[in-house]
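Enquirer: Any chance you can model this:
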Amino acid sequence: MLSFLSSLFSPDKSKSGGLDQALIERAIERAVDGTDPRLRALGNYRKQLREPVELAARYIIELVDGLPEAVPFGRKSYSTDPRLRVFFASKDHLQEVLGRFRTISDYLQGYSGLPPDEIFGLLSLEWKERNVLGMQQQGDRVRRDVQQVSVNFFNHRFVCASDNEAETSLELKKRGFDYLLKMALEKISARRGKQQELKREQKLLDKKLAAMKNGGWGLESMLSAGEEPAADMGALAAKIDAVEAELLALGNASGGLERNLEVLAEVLAQPARCVHRDEVRMRLNAMGVRTEASSDEPANDLQLIGLFSAIGERRIVLPVSVLRSELPERPDFFKQASRYLG
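Expert: A predicted model of the protein is given here:
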C-alpha cells in the first residue's frame, strides 16, 4: 500500500504522445488503493478513472518539470546566491538549519555503500510579510518611522533527498500524485461523515487518512509545519492494511461507492485545485524589507517559486544540491552528557 509506483513517472511515452497505458493502469490501481479499495467492486471503475488519472499524472509531471535545476546550497554559495541570503539570516544560520534536517541524516544512514559526495533535494520554506516602522534614506536625509513591509522566511524543510537530480524529480512526482489521492480521501471521508448511519465506515476512513498523514503522505511532509520524527513506515503500512481489510469486509452496505468513485474522479480531473505552482516576485534590501523598483536603495529582485495548496498552505520551493563536505557534524549527545556528568 505505501510502496510508490516505481515507473509511473518515467520518461517512457507511447507513440501517440500520451503516457504509457500500462503505467496508467497501475496509476488507476494506485488511486484506488490510496482512497477506497472497495471501488474495485464497481465494474466501471477503470473506465471512469482512466482520463482523470492521466490528466492528474500529466499535471504533476509538468508541475515538477517546471522547477529550475538544482542550485548549490551551503556556506560557500551563501555569498553568491541572493535567495539564500534572504532565506537565512547568516551563514551560521544556514549551517544551523542544514544540520537540523533529519531527512538528510536519515537518508545518509540508510544509504548502501559509500555515501554520495553530493545530495539533491527540494528546499521549502514559509514566508510571512508584516508592516513595520523603519528608516529610509532619501538623498542626504534619513527618514524615520517610515511604513515598510518586512518579509520573514521560516520553517525550512528539505525533502526527497537522493544522490542525483533525476531521482529527486521522480520522487516529487510520486509524492505529488499521492497528495492528490490524500485530498480525494479527505473529501470522501468528509462526505461520509455527514451521514449518521455511516459512522463505522467514517471511522475507518478517518483512521486510514490519519495514518497517511502520519507517514508524511505525498507532499504532507513538505507543506506541514515543523519537522516531525521519521515515521515507522512498516507499522503504518500494517495499520492501513488492517483498515482496508475492515473496509473490504464492510462492502458496499451503505450504497455509496458510486459517489466515492465520482469524488475521486473529480479531484484527479482538476489537480490544479489541490496544488499549483506560481511565481512569487519580491524586491528586498539587505534587511529583508520590500523596496520599490524606483528606489535607489541597493536591493535584490527575486523571482521565487511558490507552491500553493487548496487548504491555504503555501511554500517557497527551490531544488538544491548539498556537498556532503558542507554538512555540519551532528552533535554527539552521549559525549556531551558524559562531559557534563564527569
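
Enquirer: Tell me the spacing between Ser321 and Asp296.
Expert: For Ser321, the distance to Asp296 under the criterion Cβ to Cβ, to the nearest Å works out to 36 Å. Just so you know, the C-beta spots here come from the backbone N, C-alpha and C atoms, and that holds for glycine as well.

Enquirer: More neighbours: which of the two?
Expert: When Ser321 and Asp296 are compared for neighbours, Ser321 comes out ahead with 18 against 9, by other Cβ atoms under 10 Å.

Enquirer: give me the beta-bridge partners of that one?
Expert: With DSSP bridges as the criterion, the beta-bridge partners of Ser321 are Pro72, Phe120.

Enquirer: Contact partners for it?
Expert: Neighbouring residues of Ser321 by Cβ atoms under 8 Å, 6 or more residues apart in numbering: 70-73, 118-121, 165.

Enquirer: Output the below-cut-off pLDDT ranges for the protein.
Expert: Across the chain, residues meeting the criterion (pLDDT under 70) sit at 1-18, 135-142, 192-255, 330-342.

Enquirer: In it, what residue spans correspond to strands?
Expert: When assigned using DSSP state E, the strands of the chain occupy the ranges 71-72, 118-138, 141-162, 275-284, 300-309, 314-323.

Enquirer: Would you mind saying which of those strands lies nearest Gln109?
Expert: With respect to Gln109, and counting by Cβ to Cβ, the nearest of the strands of the chain is strand 141-162 at 11.1 Å.

Enquirer: And the closest one, what's buried?
Expert: For strand 141-162, burial by neighbour count (16 or more other Cβ atoms under 10 Å) applies to 148, 151, 153, 156-162.

Enquirer: quick one on the thing from earlier: which ChimeraX command selects the buried ones in the contacts of Ser321?
Expert: Command for ChimeraX, covering only those of the contacts of Ser321 found buried under the criterion 16+ other Cβ under 10 Å:
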select :70,72,73,119,120,121
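
Enquirer: Closest one of the contacts of Ser321 to Glu54?
Expert: Distance to Glu54, by Cβ to Cβ, is smallest for Glu165 among the contacts of Ser321, at 25.5 Å.

Enquirer: Out of the strands of the chain, flag the one nearest Gln48.
Expert: Checked against Cβ to Cβ, the stretch from these lying closest is strand 275-284, at 22.5 Å.

Enquirer: which outside residues touch that closest one?
Expert: Looking at what lies outside strand 275-284 - Cβ under 8 Å, 6+ apart - the contacts are 63, 66-67, 86, 127, 151, 176, 179-180, 219, 290-293, 299-310, 316.

Enquirer: Could you dump the strands of the chain into TSV and include distance to Tyr78?
Expert: What follows is these, written out as TSV (distance: least, Cβ to Cβ, whole Å):
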stretch	distance to Tyr78
strand 71-72	10
strand 118-138	13
strand 141-162	14
strand 275-284	15
strand 300-309	13
strand 314-323	12
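
Enquirer: Out of the ones you listed, flag the one nearest Arg100.
Expert: Closest of these to Arg100 is strand 141-162, at 8.3 Å (criterion: Cβ to Cβ).

Enquirer: got the angle for the closest one vs strand 300-309?
Expert: Using axes from the mean of the first three to the mean of the last three Cα atoms, to 10 degrees, the interaxial angle of strand 141-162 with respect to strand 300-309 works out to 50 degrees.
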